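make a model of this:
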Amino acid sequence: MTVLALYPADPAPELAQLLDLNGFVWKGLAEPSDVDLLEPDEGWGGAIVQLVEDSDLSWNMLRALRKRDIPVAPLLLMIRGNQLTELELRDDLFDDFCLDPFHPREFEARVRHMLASSGGELSGERIEYGPLILDLETYEASVDSQPLDLTFMEYELLRFLAATPGRVFTREVLLSRVWGYEYYGGARTVDVHVRRLRAKLGEEYAALIQTVRSVGYRLGESRRR
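Next up is the predicted model:
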């Protein structure tokens, strides 16, 4: 049985209800020492951490989950739009982030994607653009035959751009079409996901996602050396 670590220990009722209704098993953590004290025999299957008002408490919990002999992963961070600047230089402490307040269906999809096992052959309908392949059935992506370890929204953003290569999309359009509703984080949400996508594509293929100054982003050709 997969058990999720959840911080804070007393989550908002709507979050606890959503997890329960979708069959996710979780244990609330009150302080960093609970990571070890409350760990189930089979280990943590992942973690969901909300960045609370005193954000240092949440970052300390994230460090406790990550800085151990067997780091807890995958880890989803819930963060408000006015806290996005705190993500800088902390990418190693979480695998994906979700803006709070959240959309229930998106949140459920993120958690399921986060927990889904990776691997297997590419199959079914897919999008191909040069070295980039996205499998639309398995939510897998690869570049130059190397699998990409993408979060749910990273995959969704890449899929949207790859569906119409060369077309330029403003940040506002990407927020509306990929995220599906207005985010408090605004343009910074798109920029953070593009930055992380480029890092995962690697130096050779980062330029597949091109910035169009004062407009937005498009999927373009990689500037291979």
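
how about Ser142, secondary structure?
strand (DSSP: H, G, I helix; E, B strand; the rest coil).

hang on, it packs against Ile133?
Yes. Contact criterion C-beta atoms under 8 Å: Ser142 and Ile133 qualify, at 5.1 Å. (Each C-beta comes from the backbone N, C-alpha and C, glycine too.)

neighbour-wise, which of those two wins?
A side-by-side neighbour count of Ser142 and Ile133, using other C-beta atoms under 10 Å, places Ile133 first with 19 against 15.

just the element for the more buried one, please.
Using DSSP states H and E, Ile133 maps to strand 132-135.

now that strand: mean pLDDT?
Mean pLDDT, computed over strand 132-135, is 90.

who's in contact with it?
For strand 132-135, the external contacting residues (C-beta atoms under 8 Å, 6 or more residues apart in numbering) are 122-128, 140-143, 155, 158-159, 162, 205, 208.

please save the CA atoms from it in PDB.
Only the C-alpha atoms of strand 132-135 are listed here, as PDB (Å, rounded to 0.1, in the frame of the first residue of the first chain):
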ATOM      1  CA  LEU A 132      11.200  14.700 -29.600                       C
ATOM      2  CA  ILE A 133       8.600  12.000 -29.100                       C
ATOM      3  CA  LEU A 134       5.500  12.300 -26.800                       C
ATOM      4  CA  ASP A 135       3.300   9.300 -26.200                       C
END
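
sheet-wise, list the partners of that strand with their directions.
strand 126-129 (antiparallel), strand 140-143 (antiparallel) (DSSP bridges).

and the residue nearest the centre of the chain, what are its bridge partners?
With distances taken as C-alpha atoms, centre = their mean, Asp96 lies nearest the centre of the chain, 2.7 Å away. Under DSSP bridges, the beta-bridge partners of Asp96 are Leu76.

so what's it up against?
Pro74, Leu75, Leu76, Leu77, Arg110, Met114, Thr151, Phe152, Met153, Glu154.

mind running it again at 7 Å?
Leu76, Arg110, Met114, Thr151, Phe152, Met153 (C-beta atoms under 7 Å, 6 or more residues apart in numbering).

distance check, the last one against Ile127.
This means Met153. 17 Å (C-beta to C-beta, to the nearest Å).

the more surrounded of those two?
Met153 (23 against 17).

ok, the residue lying closest to the more buried one once chain neighbours are set aside - how many residues close by?
In space, and not counting its chain neighbours, Met153 is closest to His193: 6.1 Å by C-beta to C-beta, 6 or more residues apart in numbering. By other C-beta under 10 Å, 24 other residues sit near His193.

sec struct for His193, please.
helix.

ok, now which ones touch Leu75?
Gly46, Ala47, Val49, Leu65, Phe94, Asp95.

check contacts around Phe107.
Leu18, Cys98.

could you say which helix or strand holds it?
Counting by DSSP H and E, the element that carries Phe107 is helix 104-115.

of the contacts of Asp96, the lowest pLDDT goes to which?
At the low end of pLDDT for the contacts of Asp96 is Met114, which has 75.

that residue contacts Ile48, doesn't it?
No. Met114 is beyond contact range of Ile48, at 8.9 Å (criterion: C-beta atoms under 7 Å).

overlap in contacts of those two?
Leu76.

so where's the protein uncertain?
Applying pLDDT under 70 to the chain picks out residues 1, 116-124, 180-186, 221-225.

what about the strands in it?
3-7, 25-28, 46-50, 75-79, 96-99, 126-129, 132-135, 140-143, 146-148, 169-170, 209-212, 216-219 (DSSP state E).
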